[in-house]
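# Below are the sequence and a predicted model for it; my questions follow.
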Amino acid sequence: MHDTDIIDVAAGVITRGDGHILLAERPPGKPLAGQWEFPGGKFELDESPVEALSRELHEELGIELDEAHPWITRTHAYPDRTVRLHMYRVTGWHGEPHGREGQQLSWEDPLAVGVSPLLSANDGILRSLNLPQLYAITHASKYGIPGFMKRLRTALQGGVRLIQVRERDMPPAQLAAFAGDVVSQARSYGARVLVNGDIGIARDAGADGVHLQSEQMKQLRTRPDIEWLGASCHNRDELLHAAELGADLAVLSPVLPTQSHPGAPTLGWERFAELCFDMPMPVYALGGMRSDMIRLAMNHSAHGVALLSGIW
């Protein structure tokens, strides 16, 4: 299929202060009427994605767009058409949303959407949307296992909900036990755990998935049979390969200088945004990150930030 056969659509995840998102029912007379979707619509000639989104939100909902962050781009084939959804996270607007085309609107908890049926393209989008904006990477080598487990409990109590077990110097048997302890503690808070580099340990520990290092990922041609797949990337080719494998998330680094690698080359924010452009999966920024950089990261197409030392 040529790109000319693909319909480009801009859509917005409009999020209010309580975390609820706005969904709209497709009105009578439109294809797939009665199904629910993220508000938005097709590009007009020479429009950028954000220009199309701004116009559509005004036409459909009567609101004016103030702030929108590029997020992910996903292609979905329906029986009669293929659409490329340029998704934005909308965090600022003025006006009260209302259905100017006679469509029903509903503010929904993204973790428990109550309206149905949803357009089939939205299943994967909601899965990505429900990933937290902070990805915490374990650092037991710095604090010792007992000291780290105390810090983990504090972080979970503070809202951390996505954790990567990465302890490269830990012997396999010790790593397996440590990963199991992290999973056990995370379960009490509904947090997900991915184990870096070892699918076997991830499965044995009862983790939610595996996070592959870039060299491991390059050797794969098909996705491992595991619920959640993360990937470490350092350039556009690696991001594209992660997308081909169907990775659920990627980490792109190093964005800024770090204490562990002083003087090493970094991407910087503008290059990070260029590399992330139109990726289908959420991408976290890693390297010199702090938890107060989430909005800055979002401005540059990141889903959020990954932290090694700044979180514990």
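Yes, it's here. Computed from a prediction, not measured in an experiment: that's the story for all the values here.
# mind listing what Trp71 touches?
Trp71 sits next to 13, 87-89, 282, 301, 303 when contact means C-beta atoms under 8 Å, 6 or more residues apart in numbering. Where C-beta positions appear, they are placed from N, C-alpha and C, glycine not excepted.
# Which helix or strand contains it?
Taking DSSP states H and E as the definition, Trp71 sits inside strand 64-77.
# And the contacts of the helix or strand following that strand?
Using DSSP H and E, the next helix or strand after strand 64-77 towards the C-terminus is strand 82-94. Under the contact criterion C-beta under 8 Å, 6+ apart, strand 82-94 has outside partners 1, 5-15, 38, 40, 49-50, 52-53, 57, 63-76, 121, 125, 278, 298.
# out of those, which are buried?
Among the contacts of strand 82-94, those classed as buried by 16 or more other C-beta atoms under 10 Å are 8-15, 38, 40, 49-50, 52-53, 57, 63, 65, 68-74, 76, 121, 125, 298.
# Return the helix ranked longest in the chain as CSV; C-alpha atoms alone will do.
What stands out as the longest helix in the chain, according to DSSP state H, is helix 172-187. In CSV, the C-alpha atoms belonging to helix 172-187 read as follows (Å, rounded to 0.1, in the frame of the first residue of the first chain):
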residue,chain,number,x,y,z
PRO,A,172,22.0,-14.9,38.1
ALA,A,173,20.7,-16.7,41.1
GLN,A,174,20.8,-13.5,43.2
LEU,A,175,19.2,-11.5,40.4
ALA,A,176,16.4,-14.0,40.2
ALA,A,177,15.7,-13.8,43.9
PHE,A,178,15.9,-10.0,43.8
ALA,A,179,13.6,-9.7,40.9
GLY,A,180,11.1,-11.9,42.6
ASP,A,181,11.2,-9.7,45.7
VAL,A,182,10.7,-6.6,43.6
VAL,A,183,7.7,-8.2,41.8
SER,A,184,6.2,-9.2,45.1
GLN,A,185,6.4,-5.7,46.6
ALA,A,186,5.3,-4.1,43.4
ARG,A,187,2.2,-6.3,43.2
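# quick one, strands of the stretch 201-312 of the chain?
209-212, 228-233, 249-252, 283-286, 304-307 (DSSP state E, counting those that start in this stretch).
# So which of the ones you listed is the most surrounded?
strand 283-286 (a mean of 28; mean count of other C-beta atoms under 10 Å).
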